[in-house]
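> Attaching a predicted model along with its sequence, questions to come.
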Amino acid sequence: MAKQKADDLTMIQDIILNAKEAAQKEIDGNAEPEFTQKISWPVDCKVGPGLEGAIACETEIGYVNGSMGYLIYRGYDIFDLCAYSSFEEVSYLLLFGELPSKEELKEFKESLNEYRHLLDIKRLLMSFPLENMNPMAALRLGINFMRHKQTYRDQAEVVSKAESIATDEDSIAMETPPRGERKSIYEFRKKQYRRPKNVQAGLVGSEGVGSCIRLIAGLPTIVAAIARIRKGHLPIEPDTSLTLAGNFLYMLTGEKPTPLAERIMDICLILHADHGMNASTFAAMVVASTLSDVYSSVEAGVAALNGPLHGGANEQVLLMLNQIGSEANVEPWFAQMMKKKRKIMGFGHRVYKAYDPRARILGPLAKMISATTPELRDFFKIAQTLEKVVNKSFGKDKNIFPNVDYYSGLVYKALNIDHEIFTPIFAVSRVSGWCARVLEYLEKNRIFRPRAIYNGEFNKKYTPINKRK
């Protein structure tokens with residue numbers, strides 16, 4: 001058994017390192033200087049609808065290069081993190097900026113273990129008809145319960161006139177003396193979130209890393225509880241002997257995962273932890289910039305993720321593969337889709353014009369784990385054949401390749417996870433990135449306040465209601 005475990009884990013590591021080697025052969029060019037150097041504010045940039053191209057902030061957390069097809073967290077290549085690291089270690093890296101020592105990682109894991117237990121939250125969730133709710137709506141409800149139970153934000157005496165700053169004010173000094181302050185009175189102090197030990201959660205006026213650790217630990221428990229309650233089962237208490245990924249699978253299925261399943265789930269969480277200024281990350285940062293709390297910020301991220309343009313594509317990929325039905329039907333089905341000008345789910349990306357590095361890892365992992373059952377093998381063969389057909393038609397000319405969603409659904413299905421929980425899993429992982437980005441932005445916070453171009457009318461005369469047509 002021990003030898004089989006070692007062999008499986010070595011095989012996974014080899015798969016990832018081979019994917020890295022293949023990616024490096026295709027990468028041509030360097031990091032984009034306009035997006036990777038220190039800047040002096042204000043900056044000039046070309047902005048499109050939806051703030052496309054706008055520069056909103058500086059970050060040291062993550063970088064995506066779509067034209068070259070690579071992704072880094074805090075300077076570390078995603079391939080190396082998936083090959084050698086764990087989700088707990090990556091979460092620490094995102095929050096604190098450095099890989100932890102053995103003692104720091106031990107302490108961090110102990111905090112996560114402590115905050116996994118959410119009996120009160122699960123009791124509250126069980127009092128709601130979750131079977132009639134979208135799982136993402138139930139997740140937002142669970143986060144709100146966490147906020148209520150773990151902070152004192154909802155108590156009437158918390159918000160007072162003394163705490164209010166001003167409508168549309170910022171947390172940094174906007175004026176120079178004598179009209180303003182040299183240093184912001186409301187800014188977030190580094191010591192409040194740089195060390196994970198004995199940090200309060202939900203501090204009034206700032207959040208601290210304690211709230212972030214509670215959210216990273218708590219979301220897997222909430223999502224697993226939602227999945228079981230929706231099926232009419234009782235939630236399962238966490239097993240602190242397991243990793244975060246392993247424990248998540250255990251709470252979902254009721255069975256302790258194999259080392260292979262645990263490691264693959266761990267890699268999936270690493271891959272989804274951060275991805276630049278995407279819509280859900282931006283939503284979380286906008287809410288935080290008002291000096292709201294991190295729970296509300298994460299809830300905003302979940303709400304953004306719920307939109308079909310952001311989350312849920314991996315679920316649609318499985319439905320698509322099921323519709324195709326067989327490997328032999330791939331080309332006729334694809335021809336029909338092209339004739340009808342329909343989108344092929346799981347292909348193309350707003351950022352990537354090269355092969356998504358996350359898909360490079362998930363593809364071979366899907367092949368490996370799908371080998372366990374005939375049904376999954378057939379699904380993978382359909383997916384693999386469709387990828388070849390799409391790449392032949394669009395790959396070189398239009399730079400359309402599989403994205404992270406194309407193979408992740410197959411992996412989750414092989415892990416015995418129901419398709420309606422796929423998008424909540426995204427949140428279980430991305431909460432680390434949301435929290436890290438929120439904390440970083442709040443160091444030099446400025447409330448988000450873009451302008452809109454008004455193209456309406458002027459000088460219209462008011463008509464009393466009895467004279468209107």
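That came in fine, so what should we check first?

> Could you pull out the buried residues of the helix or strand where Val389 lies?
Assessed by DSSP states H and E, Val389 sits inside helix 374-390. The neighbour-count check on helix 374-390 (16 or more other C-beta atoms under 10 Å) flags Leu376, Phe379, Phe380, Lys381, Ile382, Ala383, Gln384, Thr385, Leu386, Glu387, Val390 as buried. To be clear about C-beta, it is placed using only N, CA and C from the backbone, and glycine gets the same treatment.

> Quickly list the domain ranges of the protein.
Here the domain parsing of the chain from automatic domain parsing is 86-311+426-443, 314-414.

> rank the ones you listed by pLDDT, which is bottom?
Mean pLDDT is lowest for domain 86-311+426-443 out of these, coming in at a mean of 83.

> So what would you say the end-to-end distance of that domain is?
Taking C-alpha to C-alpha, to the nearest Å, the first and last residues of domain 86-311+426-443 lie 27 Å apart.

> Now find how far off-centre it is within its chain.
11 Å (C-alpha atoms, centre = their mean, to the nearest Å).

> With stretch 417-425 instead?
Using C-alpha atoms, centre = their mean, the offset of stretch 417-425 from its chain centre is 14 Å.

> residues in contact with Ser296?
By C-beta atoms under 8 Å, 6 or more residues apart in numbering, the contact set of Ser296 is Arg147, Val287.

> Now do the buried residues in the helix or strand that contains it.
Taking DSSP H and E as the definition, one finds Ser296 inside helix 294-305. Within helix 294-305, the residues that count as buried by 16+ other C-beta under 10 Å are Val294, Tyr295, Ser296, Ser297, Val298, Glu299, Ala300, Gly301, Val302, Ala303, Ala304, Leu305.

> try stretch 141-151
Leu141, Gly142, Ile143, Asn144, Phe145, Met146, Arg147, His148, Gln150, Thr151.

> so which of the domains of the chain comes closest to Gly50?
Counting by C-beta to C-beta, Gly50 lies closest to domain 86-311+426-443 out of those; the figure is 9.0 Å.

> tell me the contacts of the closest residue to Leu242 other than its chain neighbours?
In space, and not counting its chain neighbours, Leu242 is closest to Tyr250: 5.9 Å by C-beta to C-beta, 6 or more residues apart in numbering. Tyr250 sits next to Ile236, Pro238, Asp239, Leu242, Lys256, Pro257 when contact means C-beta under 8 Å, 6+ apart.

> Just the buried residues of those residues.
Ile236, Pro238, Leu242, Pro257.

> and the spatially closest residue to Lys46 that is not a sequence neighbour, what pLDDT?
Leaving aside its sequence neighbours, Lys46 sits nearest to Gly53 (C-beta to C-beta, 6+ apart; 5.1 Å). According to the prediction, Gly53 has pLDDT 83.

> can you pull out the helices in the stretch 51-200 of the chain?
78-84, 87-96, 102-115, 119-126, 135-150 (DSSP state H, counting those that start in this stretch).

> Among those helices, which comes closest to Thr372?
The nearest among the helices of the stretch 51-200 of the chain, by C-beta to C-beta, is helix 78-84 at 20.9 Å.

> Select, out of the domains of the chain, the one closest to Asp77.
Where these are weighed against each other on C-beta to C-beta, the nearest is domain 314-414, at 8.5 Å.

> So what would you say the end-to-end distance of that closest one is?
13 Å.

> List the buried residues for the longest helix along the chain?
If you go by DSSP state H, the chain has its longest helix at helix 2-26. Within helix 2-26, the residues that qualify as buried are Asp8, Ile12, Ile15, Ile16, Ala19, Lys20, Ala23, counting by 16+ other C-beta under 10 Å.

> Could you pull up the residues touching the fifth one?
By that I understand Ala19. By C-beta under 8 Å, 6+ apart, the neighbours of Ala19 are Phe79, Pro357, Arg360, Ile361, Gly363, Pro364.

> Please flag which of those residues sit within helices.
Phe79, Pro357, Arg360, Ile361, Gly363, Pro364.

> From Tyr70, how far off is the fourth one?
If you measure Ile361 against Tyr70 using C-beta to C-beta, to the nearest Å, the figure is 12 Å.

> my read: Thr59 touches Ala436, true?
No: using C-beta atoms under 8 Å, Thr59 is not in contact with Ala436, being 9.1 Å away.

> Looks like Ile72 contacts Thr59 (just checking).
No: if you go by C-beta under 8 Å, Ile72 and Thr59 don't touch, sitting 11.5 Å apart.

> which one of the two has more residues nearby?
Ile72 (19 against 16; other C-beta atoms under 10 Å).

> list the contacts for that one?
Gly62, Tyr63, Ile78.

> Make TSV out of the residues you listed and add pLDDT.
Listed next are the contacts of Ile72 as TSV, based on pLDDT from 0 to 100:
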residue	pLDDT
Gly62	94
Tyr63	92
Ile78	96
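
> Ranking by neighbours, what's the top pick from those residues?
Highest count within the contacts of Ile72 by other C-beta under 10 Å belongs to Ile78, 28 neighbours.

> Leu130 contacts Ile226, doesn't it?
Yes: applying C-beta under 8 Å as the test, Leu130 and Ile226 come out as touching, 5.9 Å apart.

> Name the residues contacting each of the two.
What both Leu130 and Ile226 touch, as defined by C-beta under 8 Å, 6+ apart, is the set Ala138.

> Quick check on the two: which one has the bigger neighbour count.
Neighbours were counted for Leu130 and for Ile226 using other C-beta under 10 Å; Ile226 has more, 27 against 21.

> Need the three-state assignment for the more buried one.
helix (DSSP: H, G, I helix; E, B strand; the rest coil).

> Excluding sequence neighbours, find me the nearest residue to it.
Going by C-beta to C-beta, 6+ apart, Ile226 has Ala138 as its nearest residue, at 4.6 Å.

> which one of the buried residues of helix 2-26 is nearest Ser40?
Ala23 (33.6 Å).

> So the closest one sits against Tyr70, correct?
Yes: applying C-beta under 8 Å, one finds Ala23 in contact with Tyr70, separated by 6.8 Å.

> what touches both of these two?
Pro357.

> re earlier: format the buried residues of helix 294-305 as a markdown table; extra columns: distance to Ser111.
Listed next are the buried residues of helix 294-305 as a markdown table, based on distance: C-beta to C-beta, whole Å:
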| residue | distance to Ser111 |
| --- | --- |
| Val294 | 15 |
| Tyr295 | 17 |
| Ser296 | 22 |
| Ser297 | 20 |
| Val298 | 17 |
| Glu299 | 22 |
| Ala300 | 24 |
| Gly301 | 21 |
| Val302 | 22 |
| Ala303 | 27 |
| Ala304 | 27 |
| Leu305 | 25 |
